[in-house]
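Visitor: I would like the atomic coordinates for the input below:
(chains A and B)
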Amino acid sequence: MLDIKYVIDHLDEVIENLSHRNGDYNYLRELPKLQQERVELIQKRDALKNARNSLSKKIGQLMAQGQKDEAEAIKKQVSDSKEEIARDDARVEEIDQIIKETLLKTPNLTDASLPIGTDDTFNRVEKVVGEPTKFDFQPRSHWDIGVQKGYFDFDRAVKVAGPRFVFYKGPFARLERAVASFMLDTHIAHGYTEVLPPYLVNTETMTGTGQLPKFADQAYHVDNQTEGNYWLIPTAEVPVTNLYRGEILDGADLPIRYTAYSSCYRAEAGAAGRDTRGIIRMHQFQKVELVTFTKPEDSFKELEHLTEEAERILELLKLPYRRVCLSTGDVGFNAAKCYDLEVWMPSYENYKEISSCSNDTDFQARRMSIRFKRTKDSKAELVHTLNGSGLAVGRTVAAIIENYQQADGTIRVPDVLVPYMGGMTVIE
RNA sequence: GGAGAAGUACCCAAGUGGUUGAAGGGACCGGUUUCGAAAACCGGAAGUAGGUGCAAGCCUAGCAGGGGUUCAAAUCCCCUCUUCUCCGCCA
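Guide: Numbers count the residues shown, from 1 in each chain, chains lettered A, B, ... in the order given. From the prediction side, this is the model:
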């Protein structure tokens, strides 16, 4: 959520910035009028309330002195303002609601360092690590390999759940678990604290990180008849970032760095026909997430730190990848700046997104009211929040299967994963 | 799921209709004492949001959340949430 005062004071600049994301944000021009009406009403109403409060106090005193008649006379006077106060209260509340709804559906401002453009073709490749894997045989896709070996079962997943679900079996199930453990262990060795969050969260939480109200169609809603009204998390970012919703942190504790493994649930509405083969785009997938809370002046530096932490996984797994800075038209709703990490995927003969690392500046923090104090006596300021995949586990497994496949149909286990596979060096 | 109890500021806690935004502790800050510390004693400040002002300050809201009664609500009424205890069920 943007700051109402900032939006009003920099209206043209804000609309100009947002226009680089695509879409029309001229509705923000309604805000100054609303805000003005709001302030005028508040001033008028507060004056009425002030008069009422002091008269009421006087009534108390008169009653205590036994001057009943005079008290009665004042009572009448106070009653008269009641209706007007109630009317003003209602209108202020109404305006607050409109302002809030307007701001909640408005995305974050993008940082000046982003390439300006309408879509992903304007994204800027910032670095390329390793080279596309070369094979002296015809490489196969991870789904061909998995289905043929019986380690991926898509057909029965359709029966049991539906399309875009999968059963992992045998060594592939173990590989998924190994990859997740390896990622977590790596991150905690670099100062991230492991968190195991709830997979179901409430509506306030989903609103705090920006999934609601605008993207309800992307989330699964779980509504039990007798108890509970929950949303399945689309990423661990949601519960973990909401950890400190409504709190004031000690500035000395920042940055706070968390890593969390979770399953993630996404409706993938509007993705029909995209990535339909394999395990690239599932309704449920596993991900290891990185979440950081920082002071405002540190967040862009922290974005580099967090992205490098995610890259570390790819480097240790010796997977070819590149880092891309998303353009203004491709960057997510919450983010001021976002790097995608893309892994080389032989079946696509291209790089495929495997991590998305964002600096959300104070956008989520303002929605959630997460603040910090530099010292005990200083004013509370909004923190900056960041998050990134470190990494998507399923896509990492797919990348390993494809990049580490061998001519005889077996798959070599990356060295760093061997201990996690119980010493197994090759998946037969 | 059933039955009870409770939710007041950083923590404990008094307060059942009228100068109570809130007694009293603790923690915190300053001081006395001490080589220094602890303890004790003295003193002090106190959070949040909105409005206004250069500022000091002033006004409004706020005692789990939301409604209601009243001239006036932490205090009375209704609903919701959460926590605790006992029973039941459960990985």
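Visitor: Report the closest residue of the stretch 251-400 of chain A relative to RNA strand B.
Guide: Per CB to the nearest atom of the strand, the residue of the stretch 251-400 of chain A with the smallest distance to RNA strand B is A:A380, at 4.8 Å. C-beta: built from backbone N, CA, C; applies to glycine.
Visitor: I meant the stretch 51-200 of chain A, not that one.
Guide: Closest approach between the stretch 51-200 of chain A and RNA strand B, counting by CB to the nearest atom of the strand: A:G60, at 2.9 Å.
Visitor: which secondary structure elements does the helix or strand that residue falls within contact?
Guide: Using DSSP states H and E, A:G60 sits in helix A:31-64. Judged by 3 or more CB pairs under 8 Å, 6 or more residues apart in numbering; DSSP states H and E, the packing partners of helix A:31-64 are helix A:4-9, helix A:68-104.
Visitor: The last one to helix A:31-64, inter-axis angle?
Guide: For helix A:68-104 and helix A:31-64, the angle between their directions (axes from the mean of the first three to the mean of the last three CA atoms, to 10 degrees) works out to 160 degrees.
Visitor: tell me what the helix or strand following helix A:68-104 is packed against?
Guide: Beyond helix A:68-104 in the direction of the C-terminus, DSSP H and E gives the next helix or strand as strand A:124-129. Judged by 3+ CB pairs under 8 Å, 6+ apart, strand A:124-129 is in contact with helix A:299-316, strand A:321-325.
Visitor: If we use 10 Å, what do you get?
Guide: If you count contacts as 3 or more CB pairs under 10 Å, 6 or more residues apart in numbering; DSSP states H and E, strand A:124-129 packs onto helix A:299-316, strand A:321-325, strand A:337-345.
Visitor: got the ones you listed as a markdown table, with mean neighbour count, distance to RNA strand B and mean pLDDT columns?
Guide: Formatted as a markdown table, these follow (neighbours: other CB atoms under 10 Å; distance: least, CB to the nearest atom of the strand, whole Å; pLDDT from 0 to 100):
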| stretch | mean neighbour count | distance to RNA strand B | mean pLDDT |
| --- | --- | --- | --- |
| helix A:299-316 | 20 | 20 | 98 |
| strand A:321-325 | 21 | 33 | 98 |
| strand A:337-345 | 25 | 26 | 98 |
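Visitor: In contact with the residue of the stretch 51-200 of chain A closest to RNA strand B, which residues?
Guide: Taking CB atoms under 10 Å, 6 or more residues apart in numbering, we find A:G60 in contact with A:A71.
Visitor: same question, the one 5 residues further on
Guide: Taking CB under 10 Å, 6+ apart as the definition of contact, the neighbours of A:Q65 are A:A71.
Visitor: can you pull the pLDDT of it?
Guide: At A:Q65, the predicted lDDT confidence score is 78.
Visitor: and what of A:T226?
Guide: Taking A:T226 on its own, its pLDDT is 66.
Visitor: List the beta-bridge partners for the closest residue to the residue of the stretch 251-400 of chain A closest to RNA strand B other than its chain neighbours.
Guide: In space, A:A380 comes closest to A:R371 once its chain neighbours are excluded; the distance is 4.0 Å by CB to CB, 6 or more residues apart in numbering. Under the criterion DSSP bridges, A:R371 forms beta bridges with A:I248, A:L382.
Visitor: now swap in A:F167 and tell me
Guide: Under the criterion used (DSSP bridges), A:F167 bridges to A:D153.
Visitor: Around it, count how many other residues there are.
Guide: Number of residues near A:F167 (other CB atoms under 10 Å) recorded here: 15.
Visitor: how close does A:V426 get to A:A47?
Guide: Separation of A:V426 from A:A47 (CB to CB, to the nearest Å) stands at 80 Å.
Visitor: All the helices of the stretch 201-350 of chain A, in order from the start?
Guide: A:203-208, A:237-241, A:299-316 (DSSP state H, counting those that start in this stretch).
Visitor: if we compare the ones you listed, which one ends up closest to A:M282?
Guide: helix A:237-241 (17.6 Å; CB to CB).
Visitor: just checking, what packs against that closest one?
Guide: By 3+ CB pairs under 10 Å, 6+ apart, helix A:237-241 packs against strand A:200-201, helix A:203-208, strand A:256-265, strand A:284-294, helix A:363-368, strand A:384-392.
Visitor: Using PDB, write down the CA coordinates of that helix.
Guide: Written as PDB, here are the backbone C-alpha positions of helix A:237-241 (Å, rounded to 0.1, in the frame of the first residue of the first chain):
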ATOM      1  CA  GLU A 237       6.300 -15.500   2.100                       C
ATOM      2  CA  VAL A 238       2.700 -14.900   3.200                       C
ATOM      3  CA  PRO A 239       2.700 -16.400   6.800                       C
ATOM      4  CA  VAL A 240       6.400 -15.500   7.400                       C
ATOM      5  CA  THR A 241       6.100 -11.800   6.400                       C
END
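Visitor: Least reliable of the helices and strands packed on helix A:31-64 by average pLDDT, please.
Guide: helix A:68-104 (a mean of 88).
Visitor: Quick check: buried residues in it?
Guide: A:A71, A:V78, A:S81, A:I85, A:D88, A:V92, A:I95, A:I99, A:T102, A:L103 (16 or more other CB atoms under 10 Å).
Visitor: ok, now stretch A:404-417?
Guide: Buried-residue list, stretch A:404-417, by 16+ other CB under 10 Å: A:Y404, A:Q405, A:I411, A:V413, A:P414, A:V416, A:L417.
Visitor: Closest to RNA strand B out of those?
Guide: Nearest member of the buried residues of stretch A:404-417 to RNA strand B, counting by CB to the nearest atom of the strand, is A:L417, at 28.7 Å.
Visitor: pLDDT score assigned to the closest one?
Guide: 98.
Visitor: Sounds good, over and out.
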